[in-house]
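Colleague: Sequence first, then the predicted structure:
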Amino acid sequence: MLFSDHETDIQKMGYAFSKLEVNSGVLDGSSSTNEPDKLSNSSGHDIAHLTKLRTGPHQNLSRALPGQREFPVSTVKMLAGREANLSGRGRFSSGDCRHVLSKYLPVNGPCVVDQMSSRAYVSQFSADGSLFLAAFQGSQIRIYDVERGWKVQKNILARSLRWTITDTCLSPDQRHLIYASMSPIAHIVNVGSSTKDSHANVTEIHEGFDFSSPNESGYSFGIFSLRFSTDGREVVAGGSDGNIYVYDLEAKKLSLQISAHVSDVNSVCFADESSHLIYSGSDDNFCKVWDRRCFRARGKPAGVLMGHLEGITFIDSRGDGRYLISNGKDQSIKLWDIRKMSSDATCYQRYRNYEWDYRWMDYPPQARDLKHPYDQSVATYKGHSVLRTLIRCYFSPESSTGQKYIYTGSHDSCIYIYDLVSGAQVAKLQHHKSTVRDCSWHPNYPTLVSSSWDGDIVKWEFPGNGEAPSPANKKILRRRHFY
């Protein structure tokens, strides 16, 4: 009886704080606008249930008293429940931790980490969050030591740059960085070396890996996207020639080449840690799934996902071999479940009756309400702008948020954060003066860093001490123009 009364007191104590979170939105930076309808189909119910399992508190904390409305569980209530050992474990579970951390969105700031006189194209945290890298059109790649005040640990001058650095990726052990340009040759740099200024083949060797076939010569295509496998032995790349390439780093040769799409392959990634499945997104509007275990026998994709009306700029895997998201030039992000994919791509592809090029034109107003007649996506997220460049989108980190959110850069100079399940826009971050092409959420803390064509690398966070974040190196904000 004493335990039951104690639980009742905790329920009452947590009510006021829960109501504050719901009504004000001050803790997480969420907007007060009405949320769109939640996912309704079976795949939507699955992802909603999985998200709830990852981010939901213990049932003894979330259970409402008879006759009372169920409110979100506040942080105060979580702490009180832990002290009372309501879960029976005497500590927070991973789900409890995610429930608390996912409330605190990185919306405070901004703090300018660095300013360059060149457009920023890529920004990425390392897997453990100790390093951050940013790549610029002017051939520079900078690696920052996050744990030492964001000091520049390595300044890399890219080799054989054509137009811009299109993509970069850190190896799983964080010892090497691979970067690509509009060329079939990608280069690898030793990140762990003592050389701070890494000038290609001057102060340090930048080893080149040729992704082209033996019968090809010159700069026959460019690489838009590349990713390491989980074991670090292979790299998958997407080319402007419509092909997917898998390179064996130990053997130093191509292990697989797939004629994948009829247009540029703008994004590729491995589906999960096994590296058996590869996802690809292209300007032909399709996402495709490739199973390496049976590709040589079948010679075609394991499945095709249709729903975008325009080309795909980026894809990100949830890491479970089932779900992925894609950013599209039809100004939307789509969530996919590969269990819904088609067997081939002979289906409906294009039906627009207007001329449009995203590189210099605004999206036609008459196209905003169009829907693909065979849309296989689980959910669609709109509000951001995908113009001028291959803007990227991601799931929020699993360890801190349970992948409860989706976030993306935007042509309107903002960063958007959406709730995965409801589709609601929960935050819009504004600082930049030009297109935000990439952004990256710290794997463990409520910190997000954005990179823009204005040359700024900007940090957003939710400080735990209630104070505004101060930049590691004070810099004067200045407006710049690029032509």
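Modeller: The structure has been received and is ready for your questions. Bear in mind the structure is a predicted one, so any value in this text is a computation, not a measurement.

Colleague: Now the spatially most central residue of the chain: closest residue in space, sequence neighbours ignored.
Modeller: Closest to where the C-alpha atoms of the chain average out (CA atoms, centre = their mean) is Y394, at 2.0 Å. Sequence neighbours aside, D316 is the residue nearest to Y394 in space, at 4.7 Å (criterion: CB to CB, 6 or more residues apart in numbering). C-beta coordinates here come from the backbone N, C-alpha and C atoms, glycine included.

Colleague: about what we covered before: report the separation between the residue nearest to the centre of the chain and D197.
Modeller: 30 Å (CB to CB, to the nearest Å).

Colleague: for the residue nearest to Y394, what are its contacts?
Modeller: Residues in contact with D316, defined by CB atoms under 8 Å, 6 or more residues apart in numbering, are 269, 324-326, 392-395.

Colleague: OK, contacts around D248?
Modeller: Contacts of D248 by CB under 8 Å, 6+ apart are 233-234, 254-255.

Colleague: can you rerun that using 6 Å?
Modeller: By CB atoms under 6 Å, 6 or more residues apart in numbering, the contact set of D248 is 234, 255.

Colleague: what ranges of the stretch 351-483 of the chain fall below the confidence cut-off?
Modeller: Low-confidence segments of the stretch 351-483 of the chain (pLDDT under 70): 351-352, 463-483.

Colleague: Which stretches in it count as helices?
Modeller: Ranges of helices in the stretch 351-483 of the chain, per DSSP state H, counting those that start in this stretch, are 398-401.

Colleague: residue ranges of the strands in the stretch 51-200 of the chain, please?
Modeller: 108-115, 120-125, 131-136, 140-145, 151-157, 167-170, 176-180, 185-190, 197-199 (DSSP state E, counting those that start in this stretch).

Colleague: Tally up the residues packed near K253, please.
Modeller: Applying other CB atoms under 10 Å, we find 11 residues neighbouring K253.

Colleague: Ignore what I typed, I meant I185.
Modeller: That count, for I185 with other CB under 10 Å as the rule, works out to 17.

Colleague: and the residue nearest to it when sequence neighbours are not counted, bridged to which residues?
Modeller: Sequence neighbours aside, G208 is the residue nearest to I185 in space, at 4.8 Å (criterion: CB to CB, 6+ apart). Bridge pairing for G208 (DSSP bridges) gives the partners H187.

Colleague: swap in S450?
Modeller: Bridge pairing for S450 - DSSP bridges - gives C439, V458.

Colleague: Spit out the contact partners of I165.
Modeller: Counted by CB under 6 Å, 6+ apart, I165 has contacts 121, 135, 158, 179, 181.

Colleague: Minimum pLDDT in those, which residue is that?
Modeller: In terms of pLDDT, A158 ranks lowest among the contacts of I165, with 93.

Colleague: Against N190, how distant is that residue?
Modeller: Counting by CB to CB - A158 and N190 are separated by 15 Å.

Colleague: between those two, who's got more neighbours?
Modeller: Neighbour count, other CB under 10 Å: between A158 and N190, A158 has more, with 24 against 16.

Colleague: my guess is that one meets Q137, correct?
Modeller: No - the pair A158 and Q137 does not pass the contact test of CB atoms under 6 Å, sitting 10.2 Å apart.

Colleague: Hmm, S282 and S263 touching each other?
Modeller: Yes - with contact defined as CB under 6 Å, S263 counts as touching S282 (5.3 Å).

Colleague: Between those two, tell me which one has more neighbours.
Modeller: S282 (25 against 15).

Colleague: and that one, what are its bridge partners?
Modeller: Going by DSSP bridges, S282 forms beta bridges with V265.

Colleague: show me where pLDDT drops low in the stretch 101-250 of the chain?
Modeller: The stretch 101-250 of the chain contains residues with pLDDT under 70 at 201, 216-219.

Colleague: I143 contacts Q153, doesn't it?
Modeller: Yes - I143 is within contact range of Q153, at 4.9 Å (criterion: CB under 6 Å).

Colleague: more crowded one of the two?
Modeller: Per other CB under 10 Å, whichever of I143 and Q153 has more neighbours is I143, with 23 against 18.

Colleague: hey, what's the more buried one bridged with?
Modeller: L133, K154.

Colleague: Tell me who's in contact with it.
Modeller: Neighbour list for I143: 131, 133, 153-154 [criterion: CB under 6 Å, 6+ apart].

Colleague: Tell me how far it lies from K154.
Modeller: The gap separating I143 from K154 is 4 Å, by CB to CB.

Colleague: ditto for I165
Modeller: For I165 relative to K154 (CB to CB), the value is 14 Å.

Colleague: Out of the contacts of I143, which comes closest to P214?
Modeller: Using CB to CB, L133 comes nearest to P214 of the contacts of I143, at 32.2 Å.

Colleague: Just confirm that closest one contacts Q124, I think it does.
Modeller: Yes - proximity of L133 to Q124 meets the contact threshold set by CB under 6 Å, at 5.4 Å.

Colleague: What's the per-residue pLDDT of the residue nearest to Q376 when sequence neighbours are not counted here?
Modeller: Once flanking residues are discounted, Q376 sits nearest to K340: 4.9 Å by CB to CB, 6+ apart. pLDDT, K340: 95.

Colleague: wait, doesn't K340 sit right on S377?
Modeller: No - using CB under 6 Å, K340 makes no contact with S377, being 8.2 Å away.

Colleague: which parts of stretch 417-428 are buried?
Modeller: 417-421, 423-428 (16 or more other CB atoms under 10 Å).
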